[in-house]
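The following block contains a protein sequence and its predicted model.
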Amino acid sequence: MSDASVSGEAPRADTAARAAELLDVANLRVSFDTEAGEVRAVDGVSFAVRRGEVLALVGESGSGKSTIGLTLMGLTRRLGARMSGAVRLEEEDLLGASERELQALRGRRMAMVFQDPISSLNPVQRVGWQISEQIRAHQPLVNGAQALEQAVELMDRAGIADARSRVRAYPHELSGGMRQRVMIAMALSCEPGLLIADEPTTALDVTTQAQILAQLRELRERTEMGILFITHDLGVVAELADRILVMRGGQLVEQGEADAILQAPAHPYTQSLLAAYAPRPVRSPRAWVGPQSSITPGAAGGSHYSTGLGIAGEAPLEERAQLQGRALLQARELSVTFRGSRRTRVQVLDSVSLTLGEGETLGVVGESGAGKTTLIRCLIRLTDASSGTIHFRGQDITKAKGRQLTPVRRDLQMVFQDSHASLNPRRRVEWILQTGLRLREVPHAQWRERATELLERVGLRAEHLERYPHELSGGERQRVGIARALSCDPRALVLDEPVSSLDATVRAQVLDLLVRLQEEGAPTRPLSYLLVSHDLMVVRGVSDRVAVMRNGKVVEVGPTEELFRAPQHEYTQALLAACLKLPGQVRSAV
């Protein structure tokens, strides 16, 4: 035994470490009873969160990350969970606390920011009222007017512009980034010591994500708040975390300082997670690429056609004739105006012109509120354009309605961002896939055989036909969504953030699937993709060309490799600069 051990040096260090601990979790186990038997979601996990520290909890879907966060907040009790071990928030025993005691702790001592703010906020209450409600619940001496004024201050601190006006907005009137900032403002309303953030930046664009992370860093430094950051995004972890816990199958497989794990992971599973974040190679144009041209800002804030980088705007007449013969889907001078409050008019799309060629993948990127979703809703005729034209396979579909759209619906299908919400929860996968087969008038006797073929085509098995959507993982549901779109044998797929909510390994699998499906169809029946995403690295790996949108306009379009290597517009440059990186990876396009 060393002199240091005899003298008590080590115990004093342990005492100092324990004094800095905000949250102590020891041998936590959480299990659920299901029809298939007991499921151990968390199996013997131990860790601590110190004051002023960001501890990242990472792993794939189903690893138990979110279950830990919900258990700490006492929310798994409502799901009939069996829990054992010890969880202490400073002197408070969380596992042994009553529901009334937990209610007093939530918001005041610990708070949680959930992944999906639109599901967490009350849709029929103004956001300011929802923040002030929590303030008054823990500060009974504060009246309604004072609480609302505090809500304005919190929203302003969270980076919401014009907070005094936005405090009266309903959740649906705010962008995804603003809603997430409202959730953060609500979580911080009573200045808790522990913040649990469950995938708070997953569905946000790169610039908004960077702003949210900067805000969390500032809060940590200013208040010494401890943050348990639950995520599958290792780029976010590299930007924010002090330490990392890696989970797999409900167990911890590796933990340590963030830089050490990201630069030299010891466990094979951690190594595989990092390998899934390796940049996908830039895709070289394989099919229709059209005339070489680009769109750049005009002198008066508009835009003009020029030779060089990509395709956009109005091409010369002879080039437009070539483009018409090869184009599958075209939007020309498309504008959309919505009626706002107090009879105001809001310009959502402003003279957008885009062309999707046969067998091409066109990526569309931009921040929240850029008009990406409105654009694709117009193209698939779910939203009417205020002006401009839409041509699909040479036919003007701008004003088409009812039965006129039936052949368009067959040939132009959509894969939605939220696979859970877009699949009928009361129907089995077989019924979901048969919807498209009925539209194609496939004989009833062939339905099951064709549905099985569709599942096998997207990497699933025949046994999945009997399952409901909630019995599938996120990646499996997204594959079913792709199979449903393919059931109509379409000429083009509109992909709205198809992998934004998936972890890195599943995301890579789905992207590889999309590339393979496109290659299978070429050249006899080429399949085209219009891919909308806020993830520039996803777009870079699968797109032939990329269109960049800002404030309802297309500011730059070009071949993927050239646009990433030499972006012309300052906004595109800012988007690329905001991309998060892992140690050793290049932040900007090269």
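Alright, I've got the coordinates. Because the structure is predicted, anything quoted here is derived from the model rather than measured.

quick one: the helices in the stretch 401-550 of the chain?
406-411, 419-422, 429-439, 447-457, 474-486, 504-521, 536-542 (DSSP state H, counting those that start in this stretch).

And the fourth one, what's buried?
Residues 447, 450-452, 454-455, 457 are the ones in helix 447-457 that count as buried (16 or more other CB atoms under 10 Å). Bear in mind the C-beta positions are built from the backbone N, C-alpha and C, glycine included.

what about the strands in the stretch 51-200 of the chain?
Remark: strands assigned in the stretch 51-200 of the chain by DSSP state E, counting those that start in this stretch are 54-58, 82-89, 92-93, 110-113, 194-198.

any idea of the mean pLDDT in the third one?
Right, strand 92-93. For strand 92-93, mean pLDDT is 91.

And the last one, by the same measure?
Within the predicted structure, the mean pLDDT of strand 194-198 is 91.

can you check stretch 454-465 too?
On average, stretch 454-465 scores 88.

Keeping just the C-alphas, turn that stretch into CSV.
Presented in CSV, the C-alpha positions along stretch 454-465 are these (Å, rounded to 0.1, in the frame of the first residue of the first chain):
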residue,chain,number,x,y,z
LEU,A,454,-42.0,-4.9,-52.3
LEU,A,455,-40.8,-5.7,-48.7
GLU,A,456,-37.9,-7.8,-50.0
ARG,A,457,-37.0,-5.0,-52.4
VAL,A,458,-36.5,-2.6,-49.5
GLY,A,459,-34.7,-5.2,-47.3
LEU,A,460,-37.5,-6.5,-45.1
ARG,A,461,-39.1,-9.9,-44.8
ALA,A,462,-42.5,-11.4,-45.5
GLU,A,463,-43.1,-11.7,-41.7
HIS,A,464,-43.3,-7.9,-41.5
LEU,A,465,-46.6,-8.0,-43.5
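
ok, and what's touching it?
Residues from elsewhere that reach stretch 454-465, judged by CB atoms under 8 Å, 6 or more residues apart in numbering: 428-430, 433, 448, 451-452, 472, 476, 479-480, 482-483, 486-487, 509, 513, 517.

Which of those residues are buried? Put it as a ChimeraX command.
This is the ChimeraX syntax for the buried subset of the contacts of stretch 454-465, where burial follows 16+ other CB under 10 Å:
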select :428,429,430,433,451,452,472,476,479,480,482,483,486,487,509,513,517
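
Listing request: residues of the stretch 201-350 of the chain with sub-threshold pLDDT.
203, 279-325, 340-343 (pLDDT under 70).

Let me see the contact set for the residue lying closest to residue 488 once chain neighbours are set aside.
Ranked by CB to CB, 6 or more residues apart in numbering and with sequence neighbours excluded, the top spatial neighbour of residue 488 is residue 436, at 4.3 Å. Listed by CB under 8 Å, 6+ apart, the contact partners of residue 436 are 413, 484-488.

so which of those residues comes closest to residue 258?
Of all the contacts of residue 436, residue 485 has the smallest distance to residue 258: 39.1 Å, by CB to CB.

what's the pLDDT at residue 371?
86.

got the contact list for the residue lying closest to it once chain neighbours are set aside?
The shortest distance from residue 371 to any non-neighbouring residue, by CB to CB, 6+ apart, is to residue 552 (4.1 Å). By CB under 8 Å, 6+ apart, residue 552 lies in contact with 336, 347-350, 352, 370-371, 374.

and stretch 505-525, what's its mean pLDDT?
81.

what's the nearest residue to residue 490 if we skip its chain neighbours?
residue 413 (4.2 Å).

cool, and residue 529?
Going by CB to CB, 6+ apart, residue 529 has residue 361 as its nearest residue, at 4.2 Å.

Would you mark the buried spots in stretch 521-531?
So, applying 16+ other CB under 10 Å, buried residues of stretch 521-531: 521, 526-531.

just these now: which is nearest residue 271?
residue 531 (28.9 Å).

the helices in the stretch 1-150 of the chain, which residues?
3-7, 9-20, 65-72, 99-105, 117-120, 127-138, 144-157.

Minimum distance to residue 545: which of those has it?
Distance to residue 545, taken as CB to CB, is lowest for helix 117-120 among the helices of the stretch 1-150 of the chain, at 31.1 Å.

re the thing from before, wait, the residue nearest to residue 529 sits on residue 531?
Yes - Residue 361 is within contact range of residue 531, at 6.0 Å (criterion: CB atoms under 8 Å).

overlap in contacts of those two?
542-543.

just checking, which of the helices of the stretch 1-150 of the chain sits deepest inside the structure?
For the helices of the stretch 1-150 of the chain, the largest average neighbour count (mean count of other CB atoms under 10 Å) is found in helix 65-72, namely a mean of 24.

what's the spacing between that one and its chain's center?
20 Å (CA atoms, centre = their mean, to the nearest Å).

One more: stretch 549-569?
21 Å.

Pull out the buried positions in that stretch.
Under 16+ other CB under 10 Å, the buried positions of stretch 549-569 are 549-550, 552-564, 567-569.

For the buried residues of helix 447-457, give me TSV that also has distance to residue 329.
Formatted as TSV, those follow (distance: CB to CB, whole Å):
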residue	distance to residue 329
447	29
450	26
451	28
452	31
454	23
455	28
457	23
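
Nearest to residue 79 among those?
residue 455 (29.8 Å).

so how far is residue 89 from the closest one?
From residue 455 across to residue 89, the span is 46 Å (CB to CB, to the nearest Å).

Kindly report the same for residue 195.
12 Å.

Could you do residue 399 as well?
The value you get for residue 399 to residue 89, if CB to CB is used, is 60 Å.

neighbour-wise, which of those two wins?
residue 89 (22 against 11; other CB atoms under 10 Å).

Quick check: closest non-adjacent residue to the more buried one.
Residue 89 sits nearest to residue 23 (CB to CB, 6+ apart), 5.6 Å away.

Does that neighbour touch residue 196 like I think?
No - Residue 23 is beyond contact range of residue 196, at 9.2 Å (criterion: CB under 8 Å).
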